[in-house]
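S.K.: with the sequence up front, the predicted model follows.
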Amino acid sequence: MEEFAALCRAETDLATRLVALLEQEQQWLIQRQENKLEALADEKSAVLDQLAQQSALRGKLLVGLGVQDKDTLYIWLADKPEACQAWLALEDMVGRAQGINQLNGGFVSERLTEVEGALTSLRAAAVSTLGYDREGNRPDVVTGRRLLGSA
């Protein structure tokens, strides 16, 4: 089925663009150039939106053909070498993007841990310079810390 193969190739092209963006993100994370990441995040978001649209088109086509899950898809692809090749290329590129994204997430988590450690040190230093209250106790430092999603 040529339409399926064409949709997979278009989706693979988008996934390839995403991989390039993720690789750039990784370089900037390694080089500690976090200030460049915001513009890149907007580009990634745009590519991810396009990928979602392309995937929806492919999904709609497959549902129309009676293909409901991955097992049925592989049975359907068995006698369609061009479509099978396009699908495998797409799976490969998406897997590559997921792997790079997971690694980048690890870099971000590591950096957040470093920042939290630095903030803890700064807070401790601030407490030590505040002196004592009337009862001879050290005052609490207001941190203003709030966990993501807690608002």
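M.R.: Thanks, I have it.
S.K.: from here on, just use CA atoms for contacts and neighbour counts.
M.R.: Will do.
S.K.: for the chain, which residues score under the pLDDT cut-off?
M.R.: Low-confidence segments of the chain (pLDDT under 70): 126-133, 138-151.
S.K.: that one: strands as residue ranges?
M.R.: Using DSSP state E, no strands are found in the chain.
S.K.: quick check: longest helix in it by residues?
M.R.: In the chain, with assignment by DSSP state H, the single longest helix is helix 81-129.
S.K.: leaving out sequence neighbours, find the closest residue to the spatially most central residue of the chain.
M.R.: By CA atoms, centre = their mean, the mean C-alpha position of the chain lies nearest to N101, the distance being 4.9 Å. Leaving aside its sequence neighbours, N101 sits nearest to L22 (CA to CA, 6 or more residues apart in numbering; 6.5 Å).
S.K.: could you do N104 as well?
M.R.: Leaving aside its sequence neighbours, N104 sits nearest to Q26 (CA to CA, 6+ apart; 5.8 Å).
S.K.: count the residues that sit near the one you found.
M.R.: Neighbourhood size, Q26 [other CA atoms under 10 Å]: 21.
S.K.: for it, give its distance to I100.
M.R.: 8 Å (CA to CA, to the nearest Å).
S.K.: over to L122?
M.R.: Computed as CA to CA, the L122 to I100 distance reads 33 Å.
S.K.: same check on W76?
M.R.: As for W76, its distance to I100 is 30 Å (criterion: CA to CA).
S.K.: many thanks, have a good one.
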